[in-house]
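Asks: After the sequence you'll find the predicted model.
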Amino acid sequence: MKPSVKVQKYHTYAGHKDCLYALEMIDDQRFVSAGADGMVVLWDLQDFENGKVIARISSSCYALCYHRNEDLLLIGQNFQGLHLINVEDSKGVASLRLNDAAIFDIQRDGDEVFVATGTGEVFHIYLPELKIIRRFKDSQKSARSIALTDEFVMVGYSDNCIRVYNRNLQLISEFEAHTVSVFTLQADLSRGLLVSGSRDAHIKAWELGTFELKHDVVAHMYAINHISYSRDGQHFVSCSMDKSVKIWDAESLQLRKVIDKGRHAGHGTSVNKTLWMPYHDLLVTCSDDRSIAVWKIKIGDK
């Protein structure tokens with residue numbers, strides 16, 4: 001018998017003036033948020049009263065990525081490229097022009113950064129020199145999501161495909177993964193899986209290496225915007241345009257809990273990003289409703 005899952009709303013942060021699309025962890029108890037209002041805000045889970053605006057950009061932001069060793073936050077400034085700031089002093093460090101498209105995802109592995117854009121181009125950047133090493137385009141549709149392992153760079157596109165590259169960025173596999181855009185990818189290394197979520201409302205799990213389909217779950221009513229794993233890797237959450245957040249067993253892909261407005265005073269519109277924080281194992285979610293919700297998730301006796 002699976003242990004029970006209990007959900008308690010811990011707090012709601014307000015202050016943004018438009019839809020929220022991006023969350024990124026800074027340390028065990030702090031995170032940043034960004035969205036359509038151009039504000040990048042630093043929040044502390046031990047301080048429910050005060051958020052700190054650390055950057056203002058002139059366009060929407062869909063993607064953030066933090067480099068802790070350098071205290072650098074990479075901000076995807078749509079249509080203008082990457083903007084880099086120091087988090088502690090909120091000072092701009094540098095900018096890098098990419099193309100004239102939206103930036104949908106930024107993933108980092110050490111000093112290497114990969115950026116997915118709305119033209120279908122993916123950029124490979126060496127961060128210490130802020131230099132574009134490679135740029136490649138294997139689709140006319142948007143590159144929406146990236147997942148990295150030691151062996152693979154995996155990219156989900158709006159042409160419904162996942163394309164798999166080796167670390168030299170040679171294309172080694174491509175397959176139609178969903179019936180519409182692939183919005184989110186996560187590598188589950190402990191189980192040897194790539195997990196994908198799509199605008200078609202399905203969650204699928206693929207075997208890393210062969211990319212054989214292992215699971216296919218109709219998970220939501222509408223588009224799945226993001227997937228993130230719990231700190232222990234035993235569960236993951238999905239969030240959707242259907243306004244809900246769902247907790248899944250990572251081994252079986254069985255649904256464990258639904259968080260929504262009716263059951264838990266959840267979000268009133270599309271939920272766009274999730275972030276599982278180390279501090280008290282709190283789950284953070286953000287939405288088109290301009291709010292950030294913080295959830296206490298208790299699984300069994302944990």
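Replies: Thanks, I have it. Worth saying up front: this structure is predicted, and the values here are computed from it rather than measured.

Asks: low pLDDT regions in the chain?
Replies: Along the chain, segments meeting pLDDT under 70 span 1, 301-302.

Asks: Do a quick rundown of the helices in it.
Replies: Along the chain, the segments classed as helices by DSSP state H run 261-264.

Asks: what's the burial count for I54?
Replies: I54: 21 surrounding residues under other C-beta atoms under 10 Å. For every residue, glycine as well, the C-beta is placed using N, CA and C.

Asks: And the one 3 residues further on, by the same measure?
Replies: Using other C-beta under 10 Å, I57 has 18 neighbouring residues.

Asks: try the one 4 residues further on
Replies: Each residue near C61 was counted by other C-beta under 10 Å, and the total is 26.

Asks: What sits closest to it if chain neighbours are left out?
Replies: A34 (3.8 Å; C-beta to C-beta, 6 or more residues apart in numbering).

Asks: Over to M39?
Replies: V53 (5.4 Å).

Asks: Please apply the same query to E121.
Replies: K137 (4.6 Å).

Asks: which residues touch that neighbour?
Replies: T119, G120, E121, V122 (C-beta atoms under 8 Å, 6 or more residues apart in numbering).

Asks: sorry, back to before: and for the residue nearest to M39, the neighbour number?
Replies: 12.

Asks: picking that back up, from C65, how far out is the residue nearest to E121?
Replies: 21 Å (C-beta to C-beta, to the nearest Å).

Asks: just to revisit the earlier point, contacting residues for the residue nearest to M39?
Replies: For V53, the contact set (C-beta under 8 Å, 6+ apart) comprises M39, V40, V41, L42.

Asks: For it, give the beta-bridge partners.
Replies: V41 (DSSP bridges).

Asks: ok, back up a step: give me the buried subset of the contacts of V53.
Replies: M39, V40, V41, L42 (16 or more other C-beta atoms under 10 Å).
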